[in-house]
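**Student:** here is my input; please provide its structure:
(one chain, ligands or ions: 1)
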Amino acid sequence: MLNLTPKTLSPSPFLFNPILPKSQNPNPNTRLTAIPNQFPHQNCKSEYRTERGLEFETGETFFRHESATGRDLGVLAASLYKKSKGQLRVLDALCGCGIRSLRYLVGAEADFVLANDANDEYRSIISENLSRAVPRGFGDERRWSVTHFDANRAMAECYVQREFFDFIDVDSFGSDSSFLRSAMNALKLDGLIYATSTDGYTSGGHRPHQSLAAYGAYVRPMPYSNEIGLRMLIGGAVREASVLGYRVTPLFSYYSFHGPVFRVMLRLNRGKLVDDRHYGFIGYCHQCGNSQAFSWNELGRIRCSCTDSKVSGPRYVVSGPLWAGPLHDAAYLTEMLNLAEQWAWVGSGTGADLEKLLKQMIDESDPKLPFGYIKLDEVASRAKINSPPLRIMMDTLHKEGYAASRSHIASNAIKTNCPMADCMRIAKNLRHSLQC
Ligand SMILES: C[S@@+](CC[C@H](N)C(=O)[O-])C[C@H]1O[C@@H](n2cnc3c(N)ncnc32)[C@H](O)[C@@H]1O
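**Tutor:** The predicted model follows:
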């Protein structure tokens, strides 16, 4: 059984040691992860809270109650894993007050959870939160443990000790892709990684060199930047997995504007990408508003349909390489929805919101839908009209034979295979008929 105590952890020359100053670390160029309490304004004063019926304390830890939905999705995936494999060992690599660990133990009936956070001042809060609901047990019966290491170091040590996990939650700040590689090393094959990025500025295309450093993608400004953020994160994981001889499959992708937070659930397996077209480039024409995806071998043929001229002009931007394949697995989301409907609190209040979110994610998994989305405001401003009601626009798109769904990422966005010019024509006609 894993015993990650300071004594058993051997110092590794390759890893960033959070205890040493930056100048004394083996690689001074290592990007430092956000250190605890760096965001004191967002910390909560110590108080008892409840989330989905579980009581816990936050102390001075970083805690966002708005992240509850992201935690729900993680617990659903972990529960499905436990149901299908009959076992569940979870590593909560950046656990804060331990709320996720608690929920994996109780909600997903995890056999064992390792709750790790670099800040050792959180130790008593985490332990109290876990022991209040789940007796720790002894020896082989032990159900949880608390450690305080840099997440990369904790995961590397799991790998060294051959203590692999079924499910690793990496709830980090910023865009540190080094956590992805460490998590893949510490994960069982067919296991799940719940990865995070909170770098909304980079996904907006304002720091292409930063997105290149973090995820290997040169990202340029595009109107569906929050979807690009998810694709950038999955693409970064595809890259990290390929270094290790693995491939990842996204089971679902979730964007929350509180943060913002980009979260993706990835399944890890051995081997190469199943479909090469899923990792490539996305081109967006600011002139006509249309997008295209390109795989590596189509790169030389990039053209925008609105012009015969070369695509080198400033109106056409290309981002990548990033994930250009499906954001969700609809069958997996349906299983999650079926499971959620068995939860006592689902069906009313926040539970109804969770159901609605899952249904929306299932709708947007329609394979006929392209990547990206069109905001109704953009259609209206291009057509120089006021926006028609979203529901009526969607119905009309369906009647005209186009695939269309809303996007969970933005409330006024439509995912559709209808070209921008036709969206403008439909919106104009609708506005006209609504005024008559
Ligand atoms: C986003 S918070 C975690 C929130 C928590 N998972 C939740 O759902 O409430 C990130 C946590 O990572 C910790 N942290 C920051 N850098 C770390 C590192 N390099 N290794 C481990 N933990 C780290 C911080 O102390 C903080 O508690």
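**Student:** any regions of the stretch 1-150 of the chain where pLDDT drops low?
**Tutor:** When residues are selected by pLDDT under 70, those of the stretch 1-150 of the chain lie in 1-46.
**Student:** how many neighbours does the nearest residue to Lys272 once chain neighbours are set aside have?
**Tutor:** Excluding the flanking residues, the one nearest Lys272 by C-beta to C-beta, 6 or more residues apart in numbering is Arg247, at 5.9 Å. All C-beta atoms are positioned from the backbone trio N, CA, C, and that covers glycine. For Arg247, the tally of surrounding residues (other C-beta atoms under 10 Å) stands at 20.
**Student:** now Arg247: which helix or strand?
**Tutor:** Assigned by DSSP states H and E, Arg247 belongs to strand 246-256.
**Student:** can you tell me how far the residue nearest to Lys272 sits from the ligand?
**Tutor:** 26 Å (C-beta to the nearest ligand atom, to the nearest Å).
**Student:** tell me where the model's unsure across the stretch 251-400 of the chain.
**Tutor:** Applying pLDDT under 70 to the stretch 251-400 of the chain flags residues 300-301, 303, 305, 307-314, 344-350.
**Student:** where along the stretch 301-436 of the chain do the helices fall?
**Tutor:** For the stretch 301-436 of the chain, the helices defined by DSSP state H, counting those that start in this stretch cover 330-340, 350-363, 376-383, 390-399, 420-435.
**Student:** turn those helices into TSV, columns for distance to Asp117 and mean neighbour count.
**Tutor:** TSV is the format used below for the helices of the stretch 301-436 of the chain (distance: least, C-beta to C-beta, whole Å; neighbours: other C-beta atoms under 10 Å):
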stretch	distance to Asp117	mean neighbour count
helix 330-340	27	18
helix 350-363	26	17
helix 376-383	41	18
helix 390-399	42	15
helix 420-435	46	16
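**Student:** and the ligand, which of those helices is closest to it?
**Tutor:** Comparing the helices of the stretch 301-436 of the chain against the ligand with C-beta to the nearest ligand atom, the closest turns out to be helix 350-363 (15.8 Å).
**Student:** before we move on, the earlier item: possible to save the helices of the stretch 301-436 of the chain as TSV with distance to Cys97?
**Tutor:** TSV is the format used below for these (distance: least, C-beta to C-beta, whole Å):
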stretch	distance to Cys97
helix 330-340	24
helix 350-363	19
helix 376-383	39
helix 390-399	38
helix 420-435	46
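**Student:** select, out of the ones you listed, the one closest to Leu192.
**Tutor:** Checking those against Leu192 by C-beta to C-beta gives helix 330-340 as the closest, at 10.5 Å.
**Student:** what's the angle from that closest one to helix 350-363?
**Tutor:** Per axes from the mean of the first three to the mean of the last three C-alpha atoms, to 10 degrees, the angle that helix 330-340 makes with helix 350-363 is 160 degrees.
**Student:** what's next to helix 330-340, contact-wise?
**Tutor:** With contacts defined as C-beta atoms under 8 Å, 6 or more residues apart in numbering, helix 330-340 is touched by 72-73, 76-77, 79-80, 251-252, 346, 351, 354-355, 358-359, 361-362, 365-366.
**Student:** hey, where'd the helices end up in the stretch 151-300 of the chain?
**Tutor:** In the stretch 151-300 of the chain, helices defined by DSSP H, counting those that start in this stretch lie at 151-160, 178-186, 200-203, 208-215, 225-243, listed in chain order.
**Student:** how many residues are close by Pro208?
**Tutor:** So Pro208, with other C-beta under 10 Å, has 15 neighbours.
**Student:** with adjacent residues omitted, what lies nearest to it?
**Tutor:** That would be Tyr218: by C-beta to C-beta, 6+ apart, it lies 4.8 Å from Pro208.
**Student:** list the contacts for the one you found?
**Tutor:** By C-beta under 8 Å, 6+ apart, the contact set of Tyr218 is 208, 211-212, 319-320.
**Student:** and the pLDDT at it?
**Tutor:** Tyr218 carries a pLDDT value of 95.
**Student:** how close does the residue most central in space within the chain get to Cys418?
**Tutor:** Nearest to the mean C-alpha position of the chain, by C-alpha atoms, centre = their mean, lies Arg263 at 1.5 Å. For Arg263, the distance to Cys418 (C-beta to C-beta, to the nearest Å) stands at 29 Å.
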